[in-house]
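1. 3D model of this:
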Amino acid sequence: MHKSISLVAAVLWALLFAPLSMPQTVAGVGTATPEARAAAYDAAMKSHDWVTAVAVAREAVDSSATAENLRKLADAQLYSGAAEQALAAYERASAAAEQEKPALGQPDADWKDRLAKIFIGKGNALLKLHRTADAIEFYNRAAEFAANPGKAYFNICAVLYNSGNTKDSPTACRKCLQADPSMANAWFILGSVLFADASISGKGTVALSAEGQQALEKYLELAPDGPHAADAKAMLQMVAR
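-> Below you'll find the predicted structure:
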């Protein structure tokens, strides 16, 4: 029986996007060196100046269309709200990454990490375009290449939960937490799903599993003042002792 606790009002915080304010400035455009462009890009992204970030990233791509430069352009376009353009840039980044793949026997950890970031970005763009199944496919592909697949699995966990698929979201949450047990929101989603599926006694208490209780307690341990702390505490108060 499902309980009427408010659950995960904004659980896609890790993969959805900041407010799409677009200051009309282009400071940093025309920088002469890759290092200067990188600094200007990072500053623009940090300040949510998407216009400048896109312009600087486009300059970098015009100078050298590497997978990393294309990914940065796609990231800036995605945050600016241009999901279709971002998707095209991520696809170009994927193609460039294939060309940059190290030769057999050469170190490839950095290359794999770059590819994982491209796939996560592509998944985010697909999610913005309401292509949920395709987004999940690319999050799974990112997990295959990432040194720490926790973020990719969390995205799947959150997307499935928010789309109402509480049957499959716990599996993704468990994979996320196995890779990175510090991800508080994954603990909260896991605990929330198990709480919603738990039975209620005649006295109104909830027979939550040990795993569900541990998940909610772990969330509170990691994020005692987090956005879901009140919900986690409310659910734990309803658990049969």
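2. And the helix ranked longest in the chain, what does it pack against?
-> What stands out as the longest helix in the chain, according to DSSP state H, is helix 109-128. Secondary-structure packing of helix 109-128 (3 or more Cβ pairs under 8 Å, 6 or more residues apart in numbering; DSSP states H and E): helix 67-80, helix 83-99, helix 132-145, helix 150-162. (Each C-beta comes from the backbone N, C-alpha and C, glycine too.)
3. Mind putting those helices into JSON lines with mean pLDDT?
-> Shown next, in JSON lines, are the helices and strands packed on helix 109-128 (pLDDT from 0 to 100):
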{"stretch": "helix 67-80", "mean pLDDT": "98"}
{"stretch": "helix 83-99", "mean pLDDT": "98"}
{"stretch": "helix 132-145", "mean pLDDT": "97"}
{"stretch": "helix 150-162", "mean pLDDT": "96"}
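4. For I120, grab the count of nearby residues.
-> Per other Cβ atoms under 10 Å, the neighbour tally for I120 reads 25.
5. Report the contact partners of it.
-> Residues near I120 by Cβ atoms under 8 Å, 6 or more residues apart in numbering: L15, F138, Y139, A142, K151, A152, N155.
6. Show the low-confidence segments of this protein, by residue range.
-> Regions of the chain meeting the criterion pLDDT under 70 cover residues 1-31.
7. As a markdown table, the helices and strands packed on helix 109-128 with mean neighbour count would be great.
-> Converted to a markdown table, those look like this (neighbours: other Cβ atoms under 10 Å):
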| stretch | mean neighbour count |
| --- | --- |
| helix 67-80 | 25 |
| helix 83-99 | 19 |
| helix 132-145 | 19 |
| helix 150-162 | 25 |
